[in-house]
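Chemist: sequence and predicted structure below; questions after.
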Amino acid sequence: MNQEELQEARVNPEFLSYLKEKEEEVIETKSIAGLYEVLDTLFVLDLDEQRIHNVYQEILKVAFDSIEERLKDTKKLSLDNDDIYFIRSFYEHAVEKWSVLNFDGARELFFILTQIIEDKKLSDAMKIHLIACANNKDMDAFYEEDVHHLDVVDNEKYGYFIHEFNFDEEEYLSKNSKLLDEQYNKLKHLLN
C-alpha cells in the first residue's frame, strides 16, 4: 500500500467498521492468527495506540494459555499453522522485556522457547538469545555486535525472529554449553 491508500483505509468507514467487527470476532474466538492479522493491520494503519495494546494483550493471553497446555502435553511447536503465532508472541514478549533491561524475564521466556520449539535452527537462535540475557548483554549491543543483518530472509517463517549471527552458531553454543546447562538447572521449574 502506498501512502494515499493507507490514508484512504484510515478514514474509510466501511473498512474501519469491518476491522472493528473482525477485532471483536477474533477476541471472542481467541484466534491467534486473526488477532495477529488485526494487530498488524492496526500497526500498518497507525491507529489508536490503546487499541493496539489491547489486541496485543489478548494475543499474550491466548498464547500463554496455549503454551501452558503444550508444556503439559510435552508436544513441541512447529513453524506451521498457528504454532508460529504462539512462538512469535512469546518471542516478541521476551524481546520487549529485554529491551527494558528485564534480563530475568527475557531469559525465562527465551528458555521456554528453547524447550518448546521443534525447529533446530530457531531453537538454537533462542539459546543464543538466552546466553546474551544470562550475561546481561544489552539488546542493542547484541544486535550491533552479534546479529548478521540480512537484506532478504531466506525463509519467511524465520522473518519474525533474529536467527542469523556473525559467528558459527554450533561453535558458539558448544563454547557456552556450561552456561546453558546452568540456565536449564535454574529454570527447569518453569516447565512444570
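Modeler: Good, I have the coordinates.
Chemist: quick one: average pLDDT of the top helix by length along the chain?
Modeler: In the chain, assigned by DSSP state H, the helix with the most residues is helix 49-73. When pLDDT is averaged along helix 49-73, the result is 86.
Chemist: hmm, who's touching it?
Modeler: 23, 27, 30, 32, 35-36, 38-39, 42-43, 76-77, 85-86, 89-90, 93, 112, 116, 191 (Cβ atoms under 8 Å, 6 or more residues apart in numbering). The way it works is simple: take the backbone N, C-alpha and C, and place the C-beta from them, glycine included.
Chemist: what's the answer for stretch 175-192, then?
Modeler: Outside stretch 175-192, the residues touching it (Cβ under 8 Å, 6+ apart) are 71, 107-108, 111-112, 115, 127, 130-131, 134-135, 173.
Chemist: likewise stretch 97-105?
Modeler: Contacts with stretch 97-105, where a contact means Cβ under 8 Å, 6+ apart, come from 94, 106, 109, 129, 133-134, 136, 138-139.
Chemist: now, those that are in helices?
Modeler: Per DSSP H, the contacts of stretch 97-105 map to helices at 94, 106, 109, 129, 133-134, 139.
Chemist: who wins on neighbours among the residues you listed?
Modeler: Within the ones in helices among the contacts of stretch 97-105, most neighbours by other Cβ atoms under 10 Å means residue 129, with 28 neighbours.
Chemist: residue 108 is in contact with that one, correct?
Modeler: No. With contact defined as Cβ atoms under 8 Å, residue 129 does not count as touching residue 108 (11.8 Å).
Chemist: next one: phi and psi at residue 47?
Modeler: phi -90, psi -170 (degrees, to the nearest 10).
Chemist: OK, contacts around it?
Modeler: Counting by Cβ under 8 Å, 6+ apart, residue 47 touches residue 10.
Chemist: low-confidence ranges in this structure?
Modeler: For the chain, the stretches with pLDDT under 70 are 1-2, 151-154.
Chemist: what's the domain layout of it?
Modeler: As assigned by automatic domain parsing, the chain contains the domains 1-73, 76-192.
Chemist: just say which of those is most tucked in.
Modeler: Counting by mean count of other Cβ atoms under 10 Å, domain 76-192 has the highest mean neighbour count of the domains of the chain, with a mean of 16.
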